[in-house]
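Q: Predicted model and sequence below, questions to follow.
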Amino acid sequence: MADYSFSKAIAITTYSGLFNTHPRFDDPHVILLDDAHSAENYISSHWTISIDRHDNYAVYEAIIEMLQGSLPEQYLQDMLVSDTRPSFVVRRDIDCVPMPLMYEKLDSLREYLDENIDSNNKWSWSMIRDHLEACQIYVTWRAVTIRPLIPPTFTHTPFSIAKQRVYMSATLGEGGELERSLGLPQVEALPIPEGWDRQTTGRRFVLFPNTSLLDDEIKDLVCKTINLQPRSLVLTPDMAQATEFEGLLSNCEPRPAIWKKGEIEASLDNFVNSQNALLLLTNRYDGIDLPDNDCRVEIIFGEPSATNAQERFFLYRLGAVSLLKNRIRTRMAQALGRCVRNANDYALILMIGSDIANFCKEDNLSALHPEMQAELYFGLENSIGQSLDNFVEMISSFLGQSEDWRVVEEQIVSLRETKERKADSSLEQLSKSAKQEVLFCKSLWMRQYDDAQQCAQQILDQLVGDELTPYRGWWYYLAGYVAWLRYLHNKDGMAFQLAQEHFERASRTSMSVSWLVYLKRLKRDAVTQVVDNDFMVASAIENMYVEFSKIPLQGHRFEQKFSYFENKINSDESHVFDLALKELGELLGFSSESPGGTGTPDAIWYVGDKYIITFEAKSSQKSKGSIGKGDVQQANGHRNWIMANRSHNNAEIICVIVSHRDSLQKDAAPHVEDLRYLKIGEVRELAKKVSSVYRKIRPFASTMAPEKVKEMLLPEVNEKDLSPESVVKKICDVYLKDLEISE
C-alpha cells in the first residue's frame, strides 16, 4: 500500500474492493473500471439488503407481516406459504411496496432491522437505514430486497473523489444504462471505429431446440451434444434455472463432471485440461474466455433478463421491456462471445428456453452486430420444424467443420451482408431521461423534494410513445410520491392535488401493478390500504401473460401445446383429465395445483384471495348412472383437507364434483351439503374458450410490448366470460342438491 500511496504503483482490485464501507483505496485520482456494463449488481449491493427466507425466515416473515395493508393480502399470503405451491408463485411473482402506504411504518421497520439485521446485510443496512423513504422495497417468495432505485454513488468518496473515471466495455448500452448503474448524470462515450460492423467475429452456430422439440427430446439433445465434445459451458440467469438444468443431465451417459464458479475463480486451467466436463455458471455472461479447443459447446439456458429484484419487477410486474431489452441484448451479446474469441474461432450455441426464443424477434435483434443478427436469424429459421435427429446431424456437421457446413457458412456470410445495425427507437428517449433520473434519485436521497419534483417532470416530458408507457407509468408514480412527500412536509394543498393527478395517470398505464389504483384514493389525513378486488383481475391477466412466456411463439410448439392440452381435457382417463384440469386453472390465470395422494382434491384453483376451488373429477365414470354417496363424501372431505394443509384465511372454499352424470343417488342426498356440480362438457367448453383467447392473442404477443398484450387480453377475457368472477359464478351456478334424485 505504501507504493500506491506514494504514486509508485497502480492498485488493482474488484468492484467490491472499492464499493464497501472500509475500502483500502480511498483517494484515487483515476479509476479504470473494466467490464463496466456488468458493474451494476456489484455497485448497487453496497446500498442493498436482501432478507432471504432460507437464511433468516423469522425476519423475512416479520417484514411480510409489517407490509399488511401496503400490498394485496393474497399476495402477502402467497409469500408465506411453503414451497408446495405452483412454481410461478415461487419463481416469478414479485411486487414493489408503494411507499405512500408504507411511509408511516418505516420507523418500525428501521427499529426492527436495527435489532435483527444479519451479518451479511449489516454494512449495507448502515448505508440505507437513514434513507428508507428514498428506497424501494421489492418482495418475492425468496427474499425481501430494500435498495435505492439508483445507487447514490455521489456519497461514496473513494468513487466520487476521482478526477477521472474511465469505463471500459465492448458493449456499453445506449439507453443510459451506464448512467443508471453507476449513479452518474452523464458519461461521455468514445465513437465506435468506422467499419466495425463488417469485421468478422468468428463463427457461432446458434440453434433454438424449443421451437421444435418436446422437453424429453431437449434432454436427449443436451446429452448427445455435450458428449460430442470434451468440455461444455452452460450459462443460466439464476440458481433456480441452474438447478433445473442439472435435472436435464439425470439420464446422460456418461454423466459429465459439473464444475461451478468456486472451482474456476483462481484459474480455468484445470477445467480446460479436463475431459467430459461441464462448467455451469449463474449470471456470469462475461469475464470467461474459452477460445478455440478450450470449449466448442455453449448452452444458454434461459433468457439473460432479470439479474436482480429491481429488474425482475420492471420486467415481470411492470412490463417495462423497453427499459431492459437493451440490457438483455448486451448480456446476450456477451454470452455469445464466451467461446468465440477470435476471427478463426467457432462454437455451437444452444439457446434453450421459450423465453429466449421469443425474445429473438426482428425489432430486438436489429441493434446487434450484423454478424450476430445473421447467426441468430439463420439459427432460428433452421431450428423450426426440425426433428431430434436433424438437430444432431446439423450439430455434428458444424463441429466437424464438414464440406456440408462450408456451404452453410457461405449462406450465413451472405445473410450478414443484408443486415445492418439499427438503433432501437426508444433508446434515445431513455438516454435523455437517464440524467434526470439520476438527479431525481440524488434529490430524493438528500430530501430535496422540490428539486426531485422538477426532475420528475422533465423525465415525464422525455418518455413519450406507446413503447415506453409502462416505464412512464412508473415515473408518474414516483412523481406522485415526491409530490405527496412535499405535501406531508409542507402541508401544501397544491402538492397533494398534484400527487393525486400523477397517481391517477400512473394507474391508467399498468394493469399489472394493482396498487396504483389505491394511491389515487389517498386521503389527506388517512392512510389508504390496498384491497383485493381489482388485484384478482390484474393478477389473472398477469398470469395469463406469464403463460405466454412459457410457450415458444414461433414454430409449431405453440399449437402443439394447445392441441395436447385439448386432447387431455377431452380424455376420460382420470389421471390425464385431472392434470388438464390443473392446467386449465393456470391458463385462466389462477394459481393451480394437483396435490396427488389419497383423499386429496384432484385439482385446486386459487382465485385471488377470495376463493379456493377444489375439484373431485369423475371423468372415468360413464354418463349412465348416478353420483353416489362415496363420491359425495370424498368431495366434502376436501374442505377439511384445505383447512388442514393450505393457507386459506378468509377465502371461501368451494367444493365441486365434475361428472358426466347428471343425477344423484338417493342415499347420497343427505350428504351433499353445499357441494357444487359441474358437468364435464362445461369444463371442456371452458377449455375451448380459453384456448381460443390464447390463439387469438398469439400473433400480437410475439411483436407487441407486454403491457399492450395484457391490454388486449382483458376485453377478450371479459367477452368470453373468463374473468375470475365470471368463472367462479359459472362454477357456483348449480348445487349438487338440485340434481334429480334417482332411486
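A: The structure has been received and is ready for your questions.

Q: what's the average pLDDT for stretch 565-577?
A: For stretch 565-577, mean pLDDT is 94.

Q: what's the domain layout of this structure?
A: The chain breaks down by automatic domain parsing into domains covering 2-182, 196-401, 448-531, 542-742.

Q: Next SSE downstream of the helix or strand hosting S124?
A: Taking DSSP states H and E as the definition, S124 sits inside helix 122-128. Remark: after helix 122-128, the chain's next helix or strand is strand 135-140, criterion DSSP H and E.

Q: Show me the shaky parts of the stretch 501-650 of the chain.
A: 523-535 (pLDDT under 70).

Q: If L207 is in a bridge, with which residues?
A: Residues in a beta bridge with L207, per DSSP bridges, are L350.

Q: how deep is it tucked in, by neighbour count?
A: 24 (other Cβ atoms under 10 Å). For glycine as for every other residue, the C-beta is placed from the backbone atoms N, C-alpha and C.

Q: ok, so what distance separates it from H502?
A: Applying Cβ to Cβ, to the nearest Å, the value for L207 to H502 is 47 Å.

Q: With W484 instead?
A: Distance, W484 to H502, using Cβ to Cβ: 9 Å.

Q: Then G247?
A: According to Cβ to Cβ, G247 stands 46 Å off from H502.

Q: what helices or strands is the helix or strand R406 falls within leaning on?
A: Secondary structure assignment for R406, by DSSP H and E: helix 403-417. In this structure, helix 403-417 packs against helix 370-381, helix 388-399, with contacts taken as 3 or more Cβ pairs under 8 Å, 6 or more residues apart in numbering; DSSP states H and E.

Q: now those in CSV, with mean pLDDT, distance to S426 and mean neighbour count?
A: Converted to CSV, the helices and strands packed on helix 403-417 look like this (pLDDT from 0 to 100; distance: least, Cβ to Cβ, whole Å; neighbours: other Cβ atoms under 10 Å):
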stretch, mean pLDDT, distance to S426, mean neighbour count
helix 370-381, 93, 19, 21
helix 388-399, 96, 35, 17
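
Q: Can I get the ones you listed in a markdown table including distance to R255?
A: A markdown table is the format used below for these (distance: least, Cβ to Cβ, whole Å):
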| stretch | distance to R255 |
| --- | --- |
| helix 370-381 | 27 |
| helix 388-399 | 19 |
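
Q: do you know which of those helices lies nearest E547?
A: E547 sits nearest to helix 370-381 of all these, at 21.9 Å, using Cβ to Cβ.

Q: distance between the closest one and the chain's centre?
A: Distance of helix 370-381 from the chain centroid (Cα atoms, centre = their mean, to the nearest Å) equals 25 Å.

Q: now do stretch 616-623
A: Remark: stretch 616-623 is offset 38 Å from the chain centroid, using Cα atoms, centre = their mean.

Q: CA atoms only for that stretch, dumped as PDB, please.
A: Extracted in PDB, the C-alpha atoms of stretch 616-623 (Å, rounded to 0.1, in the frame of the first residue of the first chain):
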ATOM      1  CA  GLU A 616     -63.400 -34.100  -7.400                       C
ATOM      2  CA  ALA A 617     -63.300 -35.200 -11.000                       C
ATOM      3  CA  LYS A 618     -65.100 -38.300 -12.100                       C
ATOM      4  CA  SER A 619     -64.200 -38.300 -15.800                       C
ATOM      5  CA  SER A 620     -63.700 -42.100 -15.900                       C
ATOM      6  CA  GLN A 621     -67.300 -42.700 -14.900                       C
ATOM      7  CA  LYS A 622     -69.700 -43.200 -17.800                       C
ATOM      8  CA  SER A 623     -72.700 -41.000 -18.100                       C
END
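
Q: change the start of the numbering to 44 and stick with it
A: Understood, numbering begins at 44; the last thing we discussed is stretch 659-666.

Q: which of the residues in that stretch are buried?
A: Using 16 or more other Cβ atoms under 10 Å as the test for burial, stretch 659-666 gives E659, A660, K661, S662, Q664.

Q: got the CA coordinates for stretch 218-235 in PDB?
A: What follows is stretch 218-235, C-alpha atoms only, in PDB (Å, rounded to 0.1, in the frame of the first residue of the first chain):
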ATOM      1  CA  GLY A 218     -30.100   3.900 -23.400                       C
ATOM      2  CA  GLY A 219     -28.500   5.400 -20.300                       C
ATOM      3  CA  GLU A 220     -27.900   2.000 -18.600                       C
ATOM      4  CA  LEU A 221     -24.400   3.000 -17.600                       C
ATOM      5  CA  GLU A 222     -25.500   6.300 -16.000                       C
ATOM      6  CA  ARG A 223     -28.300   4.500 -14.100                       C
ATOM      7  CA  SER A 224     -25.900   1.700 -13.000                       C
ATOM      8  CA  LEU A 225     -23.200   4.000 -11.800                       C
ATOM      9  CA  GLY A 226     -25.400   6.800 -10.400                       C
ATOM     10  CA  LEU A 227     -23.800   9.400 -12.700                       C
ATOM     11  CA  PRO A 228     -25.700  12.100 -14.600                       C
ATOM     12  CA  GLN A 229     -23.600  11.900 -17.700                       C
ATOM     13  CA  VAL A 230     -20.900   9.600 -19.200                       C
ATOM     14  CA  GLU A 231     -19.100  10.700 -22.400                       C
ATOM     15  CA  ALA A 232     -18.800   7.800 -24.900                       C
ATOM     16  CA  LEU A 233     -16.000   7.500 -27.400                       C
ATOM     17  CA  PRO A 234     -17.200   6.900 -31.000                       C
ATOM     18  CA  ILE A 235     -17.200   3.400 -32.400                       C
END
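
Q: What's the mean pLDDT across that stretch?
A: Average pLDDT, stretch 218-235: 88.

Q: okay, and the helix or strand of this protein with the least pLDDT?
A: Within the chain, no helix or strand scores below helix 130-134, which has a mean of 50 by mean pLDDT, DSSP states H and E.

Q: re the thing from before, more neighbours: which of W527 and H545?
A: Between W527 and H545, counted using other Cβ under 10 Å, H545 has the larger neighbour count: 26 against 23.

Q: tell me the contacts of the more buried one?
A: Contacts for H545 (Cβ atoms under 8 Å, 6 or more residues apart in numbering) come out as Y519, Y520, A522, G523, A526.

Q: if you set the cut-off to 10 Å instead, what comes out?
A: Contacts for H545 were tallied using Cβ atoms under 10 Å, 6 or more residues apart in numbering; they are 496, 499-500, 503, 518-527, 562-563.

Q: can you check W518 too?
A: 476, 479-480, 483, 498-500, 502-503, 505-506, 511, 545, 548-549, 552.

Q: Out of the residues you listed, which sit inside helices?
A: Using DSSP state H, the subset of these located in helices is 476, 479-480, 483, 498-500, 502-503, 505, 545, 548-549.

Q: of all the residues you listed, which comes closest to V450?
A: S476 (47.6 Å).

Q: Measure how buried D776 is and give me the count.
A: Neighbours around D776, by other Cβ under 10 Å: 12.

Q: again with the one 10 residues further on
A: Applying the criterion other Cβ under 10 Å, we find 6 residues in the vicinity of E786.

Q: ChimeraX command to pick out the buried ones of the ones in helices among the contacts of W518?
A: The following ChimeraX line selects those of the ones in helices among the contacts of W518 that are buried, judged by 16+ other Cβ under 10 Å:
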select :476,479,480,483,498,499,502,503,505,545,548,549
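
Q: Dump the ones in helices among the contacts of W518 into TSV; add distance to V736 as well.
A: Shown next, in TSV, are these (distance: Cβ to Cβ, whole Å):
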residue	distance to V736
S476	35
Q479	40
E480	37
F483	40
C498	41
A499	37
Q500	39
I502	36
L503	34
Q505	36
H545	33
R548	29
A549	27
